[in-house]
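1. pasting the sequence and the predicted model now:
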Amino acid sequence: MTGLIGVTLYIGIGRYKTELEQFYATQINYASPPAFAYTLSQTVALTVAFGGGLYFALTFGLVAPVSEWFTAIDSLVVLGGVVVGLALGAGYPPLMQRQDLVPLLSVGRWASELDVGLFVTAGIVLLFRADPLSAVVFGVMYFCSRLAVLGGIRASARTDRNSA
């Protein structure tokens with residue numbers, strides 16, 4: 001079965017090579033006003049969704065009350081929230097910005113932000129199950145680092161434009 005799938009993909013890729021190459025022509029530029037505005041609005045939307053989910057979980061008793069979060073702090077899990085929040089918040093935009101071509105992205109910045117939105121949601125859910133405090137730390141670190149990186153990218157683009 002695996003061999004049949006492999007042969008089918010090999011023939012299909014050879015046959016539709018020109019159609020597939022169009023997906024390799026997408027560049028992502030977070031310094032452009034539409035991409036900056038979209039990324040900023042998505043970051044705020046993710047933060048609002050996270051806050052709403054946290055409120056919902058606390059209201060309906062799905063997690064322990066906040067007063068119990070600090071009694072048994074697992075510093076390794078909280079540190080994991082910090083590291084993952086920084087990686088997704090501050091690491092993802094520069095990584096995508098510096099790639100010349102992003103493979104298999106036909107809609108550019110929206111597809112890349114959808115990917116990071118899925119990563120952020122999965123990270124929050126997984127950390128929330130392990131330790132709610134780590135999920136909150138992750139959310140704060142993601143939001144703050146993303147804003148800092150977007151501000152830095154936007155400021156450097158303005159500086160480059162003014163000096164040219």
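-> Okay, I see it.
2. list of residues touching stretch 37-56?
-> 30, 62, 93, 109-110, 113, 117, 120-121, 124, 132, 135-136, 139, 142-143, 146-147, 150 (Cβ atoms under 8 Å, 6 or more residues apart in numbering). Bear in mind the C-beta positions are built from the backbone N, C-alpha and C, glycine included.
3. mind checking which of those are in helices?
-> If you go by DSSP state H, those have 93, 109-110, 113, 117, 120-121, 124, 132, 135-136, 139, 142-143, 146-147, 150 in helices.
4. which of those count as buried?
-> 93, 109, 113, 117, 120, 124, 132, 135-136, 139, 142-143, 146-147, 150 (16 or more other Cβ atoms under 10 Å).
5. and the furthest pair within the residues you listed?
-> The span of those, defined through Cβ to Cβ, is set by Arg109 and Pro132 at 31.7 Å.
6. which strand or helix spans Glu68?
-> Element membership for Glu68 (DSSP states H and E) is helix 66-69.
7. packing partners for the very next helix or strand once past that helix?
-> With elements assigned by DSSP H and E, the helix or strand that comes after helix 66-69 is helix 75-86. Counting contacts by 3 or more Cβ pairs under 8 Å, 6 or more residues apart in numbering; DSSP states H and E, helix 75-86 packs against helix 109-130, helix 132-163.
8. could you redo these as JSON lines and give each row mean pLDDT?
-> Shown next, in JSON lines, are these (pLDDT from 0 to 100):
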{"stretch": "helix 109-130", "mean pLDDT": "71"}
{"stretch": "helix 132-163", "mean pLDDT": "85"}
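9. quick check: which of those is nearest to Ala35?
-> Checking those against Ala35 by Cβ to Cβ gives helix 109-130 as the closest, at 4.6 Å.
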